[in-house]
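Engineer: here are the coordinates; sequence isn't available:
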Ligand SMILES: Cc1cc2nc3c(=O)[nH]c(=O)nc-3n(C[C@H](O)[C@H](O)[C@H](O)COP(=O)(O)OP(=O)(O)OC[C@H]3O[C@@H](n4cnc5c(N)ncnc54)[C@H](O)[C@@H]3O)c2cc1C
C-alpha cells in the first residue's frame with residue numbers, strides 16, 4: 001500500500017520529494033509518482049499545499065490504539081536464583097516514571113522455584129510481581145522466554161516494558177517487540193514522559209555517541225526499551241513495602257522447543273570483573289605503552305579494584321578488550337573511578353559517567369574529562385601515579 005496521488009491537483013512543485021525520507025517519490029512528466037519504498041509515513045501529505053497527496057482510506061480512518069491499562073513493566077532478570085542488579089535499577093527508574101504517569105510498576109519474573117525473589121522486587125519498588133514459574137524457564141532460552149513475555153503482555157496489556165540490555169535482554173526482547181508488532185529502543189540512557197501525550201521519551205546515544213537521540217513509539221503498545229546495566233539508580237530497599245505477587249500459568253510454555261539447555265560452563269577469571277569492581281583505575285592513550293599499565297595494576301591492587309581502559313588503549317594492543325569501558329565496551333559505575341591519561345571522549349564517558357567519584361589525571365587542563373571529574377589533577381601520570389602509590393603504601 002502506498003500514498004494516494006490526485007494527479008489533477010499535483011502541480012509538480014517537488015516539495016514532497018524533498019521531505020520523503022525513503023526516496024519513494026519522483027516526478028514524471030511534471031507529476032509526482034510513488035514507488036514501493038513508500039512506508040506511509042505521511043511526511044509528504046503534510047507538506048503538499050494543493051491536497052494532491054493523501055493517506056489511503058484504510059490508514060486515514062485507522063482508530064488510535066487504545067492506551068493499555070497495566071502501567072509499567074520491568075523484566076526482572078535473574079540467573080540461578082539471583083536477581084541481576086539491572087532489575088532493581090529498572091525498578092527505581094520505573095517508579096519515577098510511574099509517578100509522572102500515575103501508573104503502577106510491575107516486575108515480571110521468569111524461572112523455576114524463584115518465587116522467593118518476588119519479595120526482593122517488591123522491596124525494590126514493584127507494586128506487583130507476575131511470576132511465571134516453569135521448568136522450561138529454569139535456564140535462559142530465547143524462544144520460551146520470548147513466548148512467555150509475549151503471552152503475558154497480550155494477556156495483561158502493559159503500557160511500557162523495560163528490560164536490561166544484558167546478553168539475555170538483547171537476545172529475546174527484540175523478538176517480543178517483533179511479535180507484538182511494536183517499537184523497541186535499545187541501550188537507552190535516560191527516560192522521561194512527554195507531557196502532552198504521556199508517551200515515553202526514550203533517549204540513547206546515536207551516531208557514535210555524537211548526538212543524543214530521543215525516540216518515541218507513538219502508534220503502538222507496549223512502548224519497549226532496553227537499558228544498559230548501571231546506568232539507572234536503584235531505590236533504597238524497603239522491606240516494609242507492600243505489593244501483590246501474581247503467579248501466572250502459561251499454557252504457551254507446554255510445547256517442545258527447538259533449543260534445549262545442556263550445561264553452563266563458567267568463565268574463570270582471576271581479576272575482579274569490571275562490572276563488580278568498586279574501584280576502577282582506567283588508562284588511556286596517555287599511558288603511552290603496554291608496560292605502563294603495570295602502574296595501573298599496582299594502584300588497582302592496592303585499592304582492591306580492577307583496571308579499565310579506553311578504546312584507544314585497547315586498539316593499540318596495550319590491554320585486552322574485556323577491559324574496555326564505553327559505548328562499545330562495558331558500562332561501569334564504581335564508587336571510585338580514576339581516569340589516567342584519558343581525554344574524556346563522549347564514547348568513553350557514556351560508559352563511566354555514573355561513577356560515584358571520578359578522579360581525572362591529565363596533563364592538558366582543557367581535557368574534556370575534567371568537565372565530569374569530581375577531582376581533577378593536572379599533571380603527568382608518570383609523576384602522579386608513582387607518588388600516589390608510594391603515599392598509599394606508606395600510609396598502610
Ligand atoms: C563508534 C565509536 C565507538 C567508540 N567506543 C569507544 C569506547 O567504547 N570506549 C572508549 O574509550 N572510546 C571509544 N571510542 C573512541 C573515542 O572516540 C576516543 O577516541 C577514545 O576514547 C580516546 O581514548 P583516550 O582518551 O585514551 O585517548 P586520547 O583522546 O588520545 O587522549 C589521551 C589523553 O591523555 C593525555 N595525556 C597524554 N600523555 C599524558 C601524560 N603523560 N600524563 C597525563 N595525561 C597525558 C592527553 O592530554 C589526552 O587528553 C569510540 C569511537 C567511535 C567512533
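Structural biologist: Received, thanks. This is a predicted model, so every value here is computed, not measured.
Engineer: these two touch, right, residue 94 and residue 76?
Structural biologist: No: the pair residue 94 / residue 76 is not scored as a contact, 10.6 Å apart, by Cβ atoms under 8 Å. From N, CA and C alone the C-beta is placed, and that goes for glycine too.
Engineer: Mutual contacts of the two, please.
Structural biologist: Contact criterion Cβ atoms under 8 Å, 6 or more residues apart in numbering; residues shared by residue 94 and residue 76: residue 126.
Engineer: Could you look up the SS state of residue 360?
Structural biologist: strand (DSSP: H, G, I helix; E, B strand; the rest coil).
Engineer: Let me see the contact set for it.
Structural biologist: 338-339, 342, 344, 367, 369-370, 373, 375-377.
Engineer: so it bridges to which residues?
Structural biologist: Taking DSSP bridges as the rule, residue 360 bridges to residue 339, residue 376.
Engineer: what's the spacing between it and residue 292?
Structural biologist: As judged by Cβ to Cβ, to the nearest Å, residue 360 and residue 292 stand 17 Å apart.
Engineer: picking up where we left off before, of the contacts of residue 360, which is the nearest to residue 5?
Structural biologist: Lowest distance from residue 5 to the contacts of residue 360 (Cβ to Cβ) belongs to residue 344, with 51.7 Å.
Engineer: give me the element that closest one is part of.
Structural biologist: Using DSSP states H and E, residue 344 falls within no helix or strand.
Engineer: hang on, it packs against residue 370?
Structural biologist: Yes: when contacts are counted by Cβ under 8 Å, residue 344 is listed as touching residue 370 (7.3 Å).
Engineer: tell me the domain boundaries of the protein?
Structural biologist: The chain breaks down into these domains under automatic domain parsing: 4-60, 72-253, 274-394.
Engineer: ok, and does stretch 195-206 reach over to the ligand?
Structural biologist: No: judged by Cβ under 6 Å from any ligand atom, stretch 195-206 stays clear of the ligand, getting no closer than 9.4 Å.
Engineer: Can you give me the end-to-end span of that stretch?
Structural biologist: Terminal residues of stretch 195-206 lie 24 Å apart, using Cα to Cα, to the nearest Å.
Engineer: Return the set of buried residues in it.
Structural biologist: Neighbour counts over stretch 195-206 (16 or more other Cβ atoms under 10 Å) mark 199-205 as buried.
Engineer: can you list the residues of this protein near the ligand?
Structural biologist: Within the chain, the residues that sit near the ligand (Cβ under 6 Å from any ligand atom) are 208, 284-286, 310-313, 324-329, 341-343, 345, 347-348, 351, 361-364, 367, 380-382.
Engineer: just to revisit the earlier point, mind putting the domains of the chain in TSV, mean pLDDT included?
Structural biologist: Formatted as TSV, these follow (pLDDT from 0 to 100):
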stretch	mean pLDDT
domain 4-60	88
domain 72-253	95
domain 274-394	95
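Engineer: check contacts around the closest residue to the ligand within the stretch 1-150 of the chain.
Structural biologist: Scanning the stretch 1-150 of the chain for the residue nearest the ligand gives residue 86, at 18.8 Å (criterion: Cβ to the nearest ligand atom). Residues in contact with residue 86 (Cβ under 8 Å, 6+ apart) are 77, 164, 166, 169, 227-230.
Engineer: need those residues in CSV with neighbour count and secondary structure, can you?
Structural biologist: As requested, these are arranged in CSV below (neighbours: other Cβ atoms under 10 Å; DSSP: H, G, I helix; E, B strand; the rest coil):
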residue, neighbour count, secondary structure
77, 25, coil
164, 26, strand
166, 21, coil
169, 23, helix
227, 28, strand
228, 24, coil
229, 21, coil
230, 20, coil
